[in-house]
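[1] have a look; sequence and predicted model below, questions after that.
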Amino acid sequence: MGHNHHNHAHGHAHPQVEGKNLVISIFLNILITASQVVGGIISGSLSLLSDALHNFSDVLSLIVSYIANVLSKKKASTTKTFGYKRAEIIAAFVNSATLMVVAVLLIKEAIERFITPQEVESDLVIWLSLLGIVANGFSVFLIKKDSDKNMNMKSAYLHLLTDMLASVAVLIGGLLMKFYELYWVDPLLTFIIAVYLIYMGFDLLKDSTRVLMLFTPNTVQVQQIVDTISSLDDVKNVHHVHLWQLNENQIHLEAHIDFSEDIKLSEFDKILEDIEEELYHKHGINHVNIQPEFGKCDNKHVIVQD
């Protein structure tokens with residue numbers, strides 16, 4: 001069986017992420033959460049408590065992201081042949097899923113409070129929302145440069161960004177309650193924050209689920225892969241294809257190739273090199289595992305359920 005990592009893959013190493021920025025953000029969010037929980041209870045502000053709940057989810061998500069970041073750098077072993085390369089995908093899934101759960105809880109509370117509005121101590125809401133804006137704004141600044149490197153850091157960044165925006169909304173609500181006594185603004189803002197959480201988290205949840213479920217990457221078409229390999233000399237048929245992402249940086253292909261002639265092993269090695277070059281440059285596949293066959297009676301369909 002032909003099996004190889006494409007040489008170019010080593011030149012495109014996984015970008016390293018600064019773990020210290022995550023640690024700073026974790027401690028900042030613990031400070032915000034504690035302050036807003038106390039302030040929300042004293043002031044009676046649901047939007048402040050909802051912001052605190054979101055901040056608490058930030059703390060958990062940042063801790064998960066930090067652990068995943070550390071694990072992803074560990075080397076493979078005989079008991080973990082892929083290492084922890086999927087740790088960051090799992091973290092992205094967990095973080096985006098918690099965004100959904102938090103959002104649903106906030107919507108429920110907002111509806112209940114909207115039906116029975118309560119007076120809110122607006123001065124405390126204003127000062128604590130300002131604290132949230134400053135602390136989360138600093139965290140967003142720290143994490144932003146790493147947010148494009150992988151799903152895990154993007155999920156952490158989204159948590160922080162949405163929380164900063166939520167604090168801005170709470171500040172506006174606090175000002176409206178202070179000067180106009182519009183207390184219904186508090187649950188309305190909570191509802192808007194929750195809907196925004198769902199909007200921001202859904203795509204990330206969908207993308208991380210695709211990777212975890214071993215779905216074919218959106219960027220690759222199976223039939224195009226088959227056509228590319230079939231165009232090479234001596235290739236009669238391409239079947240039993242599996243195409244998946246190990247993580248965001250590695251796309252794996254496994255396939256059976258039926259050859260028109262009973263070629264030598266050395267000839268197959270040369271064809272395998274050609275396949276790797278074609279698949280890497282045309283489709284971004286950097287790990288190829290090919291089973292060569294000649295005259296074998298097996299299922300010749302492109303996709304075969306194992």
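    All right, it came through fine.
[2] just give me the longest strand of the protein.
    Scanning the chain for the longest strand, with DSSP state E as the assignment, gives strand 235-245.
[3] just the helices in the stretch 51-200 of the chain please.
    In the stretch 51-200 of the chain, the segments counted as helices under DSSP state H, counting those that start in this stretch are 87-115, 122-144, 151-180, 185-212.
[4] among those helices, which comes closest to residue 260?
    helix 185-212 (35.6 Å; CB to CB). All C-beta spots, glycine's among them, are computed from the backbone N, C-alpha and C.
[5] tell me the helices and strands packed up against that closest one.
    Where contact means 3 or more CB pairs under 8 Å, 6 or more residues apart in numbering; DSSP states H and E, helix 185-212 is packed against helix 46-71, helix 87-115, helix 151-180.
[6] can you list these in a markdown table and add distance to residue 261?
    Listed next are the helices and strands packed on helix 185-212 as a markdown table, based on distance: least, CB to CB, whole Å:
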| stretch | distance to residue 261 |
| --- | --- |
| helix 46-71 | 47 |
| helix 87-115 | 42 |
| helix 151-180 | 44 |
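[7] mean pLDDT lowest where, among those?
    Among these, helix 46-71 carries the lowest mean pLDDT, a mean of 82.
[8] from the chain's centre, how far out does that one sit?
    Chain-centre distance of helix 46-71: 15 Å, with CA atoms, centre = their mean, to the nearest Å.
[9] buried stuff in that helix?
    Within helix 46-71, the residues that qualify as buried are 46-69, 71, counting by 16 or more other CB atoms under 10 Å.
[10] show me what it is packed up against.
    Secondary-structure packing of helix 46-71 (3+ CB pairs under 8 Å, 6+ apart): helix 19-43, helix 87-115, helix 122-144, helix 151-180, helix 185-212.
[11] most tightly packed of those helices?
    Comparing the helices and strands packed on helix 46-71 by mean neighbour count (mean count of other CB atoms under 10 Å), helix 151-180 ranks first with a mean of 23.
[12] and it with helix 87-115, angle?
    20 degrees (axes from the mean of the first three to the mean of the last three CA atoms, to 10 degrees).
[13] what's helix 151-180 packed up against?
    Contacts defined by 3+ CB pairs under 8 Å, 6+ apart place helix 151-180 against helix 19-43, helix 46-71, helix 87-115, helix 122-144, helix 185-212.
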